[in-house]
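K.L.:
quick one: sequence plus predicted model below, questions after.
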Amino acid sequence: MPRYRLLIAYDGTDFHGWQRQEPKDCEPLRTVQGVVETAVAELIGPRVDVVGASRTDSGVHAIGQVAAFTADVRVPIERLAAAITARLPRDVQILHAERTHDSFSPIGGARSKCYRYTVEHSSHPHHPRPLFDRNIVFATPHRLDAERMQRAAQSLVGTYDCASFAQIDHGRATTVRTVLDCTVRTPAPRRIEIEICATGFLYNMVRIIAGTLLEVGRGRIEPEAIPAIIAACDRKRAGPTLPPQGLCLRWIWYGADAARDANRLLTGDALDAPAPISEFPH
């Protein structure tokens, strides 16, 4: 039976995360996986499992979630993304759909992922908080020093024990991860983007790193203190866990073999222009 790969974008504001949640004796919670599976079932008939690569939390967004399902689909492949999207609520879109090999695993095949955390900052009382993009930006009243944050971010690149940046109940056998890149950008006045790429992440790891860099930007942690925070393997040494609304899953990379199999991912800022890849996008 054919297997299909989907590239999915969603506004996570009104979702309880990606993963399907069906509490006992309660109505199922609204999740991205749940509404996508419902839309696929409306299109093809039987209910199928749509497995996603990243279990984003409540309120977290994505423009590069990857998912897959196996089913007998009679819709032409060039129309499949639009056909599923037409059956989805307005806060979810299928950006691309394609046939893939039978053994493709969105979770096991992922080589690296990239998240972006967006912050709006100001210490001036006449600067209003974000209004129209309030659900995708974290606002802080404190003026942040992006140059200090970038210096600290450079110390986060490498392979090491990330226990200082993980919730206590992370549930993973090991807290060692490889951070491939960590960059702080200022795309506009008062706006800061923290982009983190890694081979894998721990529970709330990006939001804790972002909170730590925010403390650096405020002057409450020195950039040179990051190696000591890492070495401590102590969650109390790092900064706060920032709220979910500033976080967005940007892309998931599956390697050159997957690229030759027509894998797509989003790069840059365009939501409507997924592009084929041939090498690591850095």
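P.N.:
Here it is on my side, so go on.
K.L.:
so what's the spatially most central residue of the chain bridging to?
P.N.:
Centroid check for the chain by C-alpha atoms, centre = their mean gives residue 249 as the closest residue, at 2.0 Å. On the basis of DSSP bridges, residue 249 is bridged to residue 62, residue 115.
K.L.:
number the residues from 328 up from this point.
P.N.:
Noted, 328 is the first residue going forward, which turns the last one into residue 576.
K.L.:
isn't it up against residue 390?
P.N.:
Yes - applying C-beta atoms under 8 Å, one finds residue 576 in contact with residue 390, separated by 7.1 Å. No exception for glycine: its C-beta is placed from N, CA and C like everyone else's.
K.L.:
please enumerate the helices of the protein.
P.N.:
Ranges of helices in the chain, per DSSP state H, are 359-371, 404-412, 473-481, 532-545, 553-559, 582-587.
K.L.:
dump the second one to PDB, keeping only the CA atoms.
P.N.:
What it means is helix 404-412. Extracted in PDB, the C-alpha atoms of helix 404-412 (Å, rounded to 0.1, in the frame of the first residue of the first chain):
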ATOM      1  CA  ILE A 404      -0.800  13.300  -6.000                       C
ATOM      2  CA  GLU A 405      -0.600  16.900  -7.400                       C
ATOM      3  CA  ARG A 406      -4.000  17.600  -5.800                       C
ATOM      4  CA  LEU A 407      -3.600  15.700  -2.500                       C
ATOM      5  CA  ALA A 408      -2.300  18.600  -0.400                       C
ATOM      6  CA  ALA A 409      -5.100  20.900  -1.500                       C
ATOM      7  CA  ALA A 410      -7.700  18.100  -1.000                       C
ATOM      8  CA  ILE A 411      -6.700  17.500   2.600                       C
ATOM      9  CA  THR A 412      -6.400  21.200   3.300                       C
END
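K.L.:
distance between the ends of stretch 510-528?
P.N.:
Using C-alpha to C-alpha, to the nearest Å, one end of stretch 510-528 lies 16 Å from the other.
K.L.:
how about stretch 524-537?
P.N.:
Using C-alpha to C-alpha, the end-to-end distance of stretch 524-537 comes to 13 Å.
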